[in-house]
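Peer 1: Sequence and predicted model, in that order:
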Amino acid sequence: MKTLSFFALRFVLVFVLLASPWQGVRTLTGAAFRLHIRLVASTLFSRQSIRVEAFSNPQYPAIDTVVVLPDQPRPGRPGTPAEAKIPFDSLSQGWIPLAMLTALGLVTPAPWSKRLKLLLAGSLAILTLESAAIFVSIAFNLTTDATPAWPRVPLMCANRLLVENIWFSFVPPFLFWAGWLAGSGCWKQLKERLTGR
């Protein structure tokens with residue numbers, strides 16, 4: 001039990017250190033996250049005039065990025081519609097999943113070569129999920145009242161699952177780490193180290 005507690009404590013300390021909103025980390029992750037959004041938008045929405053901008057407002061300190069979409073016609077709503085803006089928090093939506101995976105990899109008792117493979121493959125998987133979340137968020141917000149239900153409803157459900165729920169920051173890294181432990185044969189080694197047998 002002491003060994004398990006020590007493992008958990010090491011993970012928490014490393015994760016908190018990596019995930020803390022240090023100003024330099026916040027600036028770097030924000031810039032990287034906006035670059036990622038631009039890559040997804042330019043690749044998958046090349047026909048749309050989408051802008052990605054830095055955002056700062058004391059009332060919403062967590063939000064540091066907005067995606068500005070072109071005006072969309074809204075049937076039945078008079079007047080000129082305002083530009084739609086999608087807010088993002090680059091720390092929780094972009095960096096925290098990678099920080100959690102990194103912390104798990106650093107404290108897991110395994111050869112460094114295997115840990116490096118975990119971090120590389122896991123980071124690629126998380127960035128792929130992040131790309132999917134960005135795509136879903138933009139695609140859903142580009143729909144209008146006139147959009148048929150068959151694409152709008154699935155996009156709405158996917159948006160709530162991938163974008164609006166905080167679980168996305170924590171569950172995928174943990175599941176990937178657990179799967180890596182089982183697939184790499186390190187699960188037995190970790191169990192023996194934690195239980196002493």
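Peer 2: On my side now, so go ahead.
Peer 1: low-scoring stretches of this protein, by residue?
Peer 2: Along the chain, segments meeting pLDDT under 70 span 1-3, 72-82, 185-197.
Peer 1: The longest helix belonging to the chain packs against which elements?
Peer 2: Across the chain, the helix with the greatest residue count (assigned by DSSP state H) is helix 112-141. Secondary-structure packing of helix 112-141 (3 or more CB pairs under 8 Å, 6 or more residues apart in numbering; DSSP states H and E): helix 23-44, strand 65-68, strand 85-88, helix 96-107, helix 149-162, helix 171-184. All C-beta atoms are positioned from the backbone trio N, CA, C, and that covers glycine.
Peer 1: Compare the ones you listed and report which one is nearest to residue 113.
Peer 2: Across these, residue 113 has its closest neighbour in helix 171-184 (10.4 Å, CB to CB).
Peer 1: Please spell out which residues along that closest one are buried.
Peer 2: Across helix 171-184, burial judged by 16 or more other CB atoms under 10 Å covers 172, 173, 176, 177, 180, 181, 184.
Peer 1: try stretch 141-155
Peer 2: 141, 142, 152, 155.
Peer 1: Take those residues and lay them out in CSV including distance to residue 21.
Peer 2: Below are the buried residues of stretch 141-155 laid out as CSV (distance: CB to CB, whole Å):
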residue, distance to residue 21
141, 26
142, 31
152, 35
155, 31
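Peer 1: could I have stretch 107-122 exported to PDB, CA atoms only?
Peer 2: Listed next in PDB are the C-alpha coordinates belonging to stretch 107-122 (Å, rounded to 0.1, in the frame of the first residue of the first chain):
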ATOM      1  CA  VAL A 107       6.700   7.600 -13.100                       C
ATOM      2  CA  THR A 108       6.100   4.200 -14.600                       C
ATOM      3  CA  PRO A 109       8.900   1.700 -13.700                       C
ATOM      4  CA  ALA A 110       9.800   0.600 -17.200                       C
ATOM      5  CA  PRO A 111      12.900   0.800 -19.500                       C
ATOM      6  CA  TRP A 112      13.400   4.300 -20.900                       C
ATOM      7  CA  SER A 113      13.200   2.900 -24.400                       C
ATOM      8  CA  LYS A 114       9.600   1.700 -23.700                       C
ATOM      9  CA  ARG A 115       8.700   4.900 -22.000                       C
ATOM     10  CA  LEU A 116       9.800   6.900 -25.000                       C
ATOM     11  CA  LYS A 117       7.700   4.700 -27.300                       C
ATOM     12  CA  LEU A 118       4.700   5.300 -25.000                       C
ATOM     13  CA  LEU A 119       5.200   9.100 -25.100                       C
ATOM     14  CA  LEU A 120       5.600   9.200 -28.900                       C
ATOM     15  CA  ALA A 121       2.700   6.900 -29.700                       C
ATOM     16  CA  GLY A 122       0.500   8.300 -27.000                       C
END
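Peer 1: Nothing else from me, thank you.
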